[in-house]
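K.L.:
need a structure here:
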Amino acid sequence: MKELLRTNDPTVIAFAVAILEGEGIGCFQMDVHMSVLEGSIGVLPRRLMVADRDLFQARAILRDVDLLPDDR
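P.N.:
All right, here's what the predicted structure looks like:
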């Protein structure tokens, strides 16, 4: 699995998951329950992971909806 996206904004993760699942790309959210350790202040970023084989296509899809910068 490769990291596709890292953000402190849970709405960005939710939007990215919806877009990727709609395109048939499986993804996995990491660090979702870290708020227990940080006290729910949103300091620790969440990561969105995809399979190695889906990374190129997932990056292209998220770039098209302006969730990823062009250099990533």
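K.L.:
List the buried residues of the host helix or strand of Phe56.
P.N.:
According to DSSP states H and E, Phe56 maps onto helix 55-64. By neighbour count on 16 or more other CB atoms under 10 Å, the buried set for helix 55-64 is Leu55, Ala58, Arg59, Ile61, Leu62. From N, CA and C alone the C-beta is placed, and that goes for glycine too.
K.L.:
was I right about the third one contacting Pro69?
P.N.:
The reference is to Arg59. No: counting by CB atoms under 8 Å, Arg59 does not reach Pro69; the two are 10.4 Å apart.
K.L.:
So which residues of the chain form strands?
P.N.:
Using DSSP state E, the strands found in the chain span residues 2-7, 27-30, 46-50.
K.L.:
Output the ones you listed as JSON lines; include the columns mean neighbour count.
P.N.:
Converted to JSON lines, those look like this (neighbours: other CB atoms under 10 Å):
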{"stretch": "strand 2-7", "mean neighbour count": "16"}
{"stretch": "strand 27-30", "mean neighbour count": "16"}
{"stretch": "strand 46-50", "mean neighbour count": "20"}
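K.L.:
among those, which is nearest Glu21?
P.N.:
Closest of the strands of the chain to Glu21 is strand 27-30, at 7.2 Å (criterion: CB to CB).
K.L.:
quick one: average confidence on the closest one?
P.N.:
Mean pLDDT, computed over strand 27-30, is 95.
K.L.:
and what of stretch 5-24?
P.N.:
According to the model, stretch 5-24 has a mean pLDDT of 94.
K.L.:
Buried residues in that stretch, which are they?
P.N.:
For stretch 5-24, a neighbour-count test (16+ other CB under 10 Å) marks Leu5, Val12, Ile13, Ala16, Val17, Ile19, Leu20 as buried.
K.L.:
Identify the residue nearest the last one in space, chain neighbours excluded?
P.N.:
Counting by CB to CB, 6 or more residues apart in numbering, Leu20 lies nearest to Cys27, which is 4.9 Å off, once chain neighbours are set aside.
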